[in-house]
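Q: Requesting a structural model of the entry that follows:
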Amino acid sequence: MISTEFAYRKLERKLEADGISESIVAAGDLLVRKRLGRPIFDPLVERGVVRTVSRPALETIANETVAIPADADDSSAPFVALLEEGCVLSETGLALTPDFEILEESAAVPDQAQQAMMAMLSREFFYGDAPLRGFLSEPRRGHFREAAGSLETAAPLIPRYPNYYHWMVETVPQIRYIRAFEENTGERVTLLLPPDAPSFVGETLDVLGWPRSKVEYATEPVYDISRLVLPSFPERRAADFEWLRREVLDQVLETTPESGDNVYVSRANAVERRVVNEDDVMDVLSQFGFSCYRLEERSLEQNVRLFADADVVVGPHGAGLTDVVFADDCILVELFGDKIKPHYRELASTLGLSYEPMYCRAESTDIVVDTEALAETIRELIA
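A: All right, here's what the predicted structure looks like:
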């Protein structure tokens, strides 16, 4: 049986949306990340062909490390490390030492770093312009340097995947860490942002009040940074989301909150995990005060106001559910097809929100919802 990751329906939509060349590149990257990458990458690490720097090693080689205030029960408090010299790959934000060792902290938390580094290198290979062979051969590293831009004191703020969830949950909390680093050290840090950044990147920085004078959008494939500021990888801390919610809502809710409807998040524009019987789903949900939203067609500010006032959010697994970070005591109902992922269950747990998974019938890469079961679920949740 063919995995839905490689389903014909998904490929057909990808071809229609992005064309043949982009679809071939995406398929190659997906194949490496899901099937081929680890059997190739892991032996290279084991043999020292690709060298990495773990979190404990990073703290020993850093010129300075600043601890970030955390909850008393946080066994692994966030920090920011300052390294004299380093470089950053613009496509993924993967950071390297001057000796071309990969800094694992720029990829993921320690127990997920190996998989993340492999996936990020795959993305660099298929989507980026950096000459990755420079990692493997000393003579080629000079050519790698020739492709580099340069910055003085800077931190990469590039999500490992160009997706709203990875931006808001795994990247934006680092702004809190960097601000604390600046206050502690007096340093002025420039943020290195993704090339061709989606509009939500700039909108987020504006709402958080980060000055555009301290922003550099990556126009080169790789950057040499004289003083590399590397925040620890966020670990879904309640303190991070409390900070984010407070900072954003203080700005956004100066205007009137939106409607007060419950929210159904549509994936009708997505290449996978669409709800096939969405009209029937909305016939049911509208009876409970729901409206349907395609969040990608709206601004960050509009979506923040929407979620801040929602009591129940329903939607298929996908980045559109990320804005529950701005909700207050809401219930999240996540719809699944044949693939179950824990991201939003874990996020809801961190946020202290009620969470209800609903397992639906898969139709290729899409979802068919049992509307009677959905109505019964919503009825019980709001009773």
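Q: ok, G93 touching P162?
A: No. Applying Cβ atoms under 8 Å as the test, G93 and P162 come out as separate, 10.5 Å apart. (C-beta placed from N, C-alpha, C; glycine too.)
Q: Give the intersection of the neighbour lists for these two.
A: Shared contacts of G93 and P162, defined by Cβ atoms under 8 Å, 6 or more residues apart in numbering, are found at P194.
Q: Just want to know which of those two has more residues nearby.
A: More crowded of G93 and P162, by other Cβ atoms under 10 Å: G93, with 21 against 18.
Q: State the helix or strand in which the closest residue to the more buried one other than its chain neighbours lies.
A: Leaving out its chain neighbours, the residue that sits closest to G93 by Cβ to Cβ, 6 or more residues apart in numbering is I158, at 3.0 Å. In the assignment (DSSP states H and E), I158 maps to no helix and no strand.
Q: ranges for the strands of the stretch 101-250 of the chain?
A: 102-103, 148-156, 190-193, 215-217, 222-231 (DSSP state E, counting those that start in this stretch).
Q: State which helix of this protein is the longest.
A: Using DSSP state H, we find that the single longest helix of the chain is helix 8-31.
Q: ok, and for it, which residues are buried?
A: By neighbour count on 16 or more other Cβ atoms under 10 Å, the buried set for helix 8-31 is K10, R13, K14, S23, A26, A27, D29, L30.
Q: so who does the residue nearest to G93 touch?
A: Shown in contact with I158 (Cβ under 8 Å, 6+ apart): V88, S90, E91, T92, G93, T171, L192, L193, P194, A218.
Q: Looking at those residues, which one is closest to A180?
A: Nearest to A180 out of the contacts of I158 is T171 (Cβ to Cβ; 16.2 Å).
Q: Now the closest one. Nearest residue, chain neighbours left out?
A: In space, and not counting its chain neighbours, T171 is closest to P159: 4.5 Å by Cβ to Cβ, 6+ apart.
Q: my guess is that neighbour contacts Q174, does it?
A: No. In this structure P159 lies outside contact range of Q174 using Cβ under 8 Å: 10.1 Å.
Q: from the contacts of I158, which would you call buried?
A: Buried members of the contacts of I158, scored by 16+ other Cβ under 10 Å, are V88, S90, E91, T92, G93, T171, L192, L193, P194, A218.
Q: Next, the first one: secondary structure please.
A: Here V88 is recorded as strand under DSSP: H, G, I helix; E, B strand; the rest coil.
Q: Distance check, it against G128.
A: 11 Å (Cβ to Cβ, to the nearest Å).
Q: what's the domain layout of this protein?
A: Listed domain ranges for the chain are 1-49, 51-250, 253-382 (source: automatic domain parsing).
Q: shouldn't F181 be in contact with V189?
A: Yes. With contact defined as Cβ under 8 Å, F181 reaches V189; the gap is 6.9 Å.
Q: coming back round to it: give me the contacts around the longest helix of the chain.
A: Applying Cβ under 8 Å, 6+ apart, the external contacts of helix 8-31 come out as 4-6, 122-123, 125-127, 271-272, 364-366.
Q: And stretch 337-345, how far out from the chain middle?
A: 16 Å (Cα atoms, centre = their mean, to the nearest Å).
Q: So which bits of that stretch are buried?
A: Neighbour-count burial for stretch 337-345 [16+ other Cβ under 10 Å]: G337, H343, Y344, R345.
Q: tell me the contacts of the last one?
A: Yep, that's R345 we're talking about. Contacts for R345 (Cβ under 8 Å, 6+ apart) come out as E334, Y355, P357.
Q: ok, the helix or strand harbouring the first one: who's next to it in the sheet?
A: Assigned by DSSP H and E, E334 falls within strand 331-336. With DSSP bridges as the criterion, the sheet partners recorded for strand 331-336 are strand 312-316 (parallel), strand 354-359 (parallel).
Q: can you list those in JSON lines and add mean neighbour count and distance to V265?
A: Rendered in JSON lines, the data for the strands paired with strand 331-336 read as follows (neighbours: other Cβ atoms under 10 Å; distance: least, Cβ to Cβ, whole Å):
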{"stretch": "strand 312-316", "mean neighbour count": "25", "distance to V265": "3"}
{"stretch": "strand 354-359", "mean neighbour count": "15", "distance to V265": "13"}
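Q: May I have stretch 287-305 exported as CSV, CA atoms only?
A: C-alpha atoms of stretch 287-305 as CSV (Å, rounded to 0.1, in the frame of the first residue of the first chain):
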residue,chain,number,x,y,z
GLN,A,287,-26.1,24.7,14.3
PHE,A,288,-23.6,25.2,17.2
GLY,A,289,-22.5,28.7,16.2
PHE,A,290,-19.5,27.8,14.0
SER,A,291,-18.3,29.7,11.0
CYS,A,292,-15.8,28.4,8.4
TYR,A,293,-12.5,30.2,7.9
ARG,A,294,-9.6,29.8,5.5
LEU,A,295,-7.0,31.3,7.7
GLU,A,296,-4.3,31.6,5.0
GLU,A,297,-6.5,34.2,3.3
ARG,A,298,-6.6,36.5,6.4
SER,A,299,-4.1,38.6,8.3
LEU,A,300,-2.3,37.5,11.4
GLU,A,301,-4.2,40.2,13.4
GLN,A,302,-7.6,39.0,12.1
ASN,A,303,-6.8,35.5,13.1
VAL,A,304,-5.5,36.4,16.5
ARG,A,305,-8.8,38.3,17.3
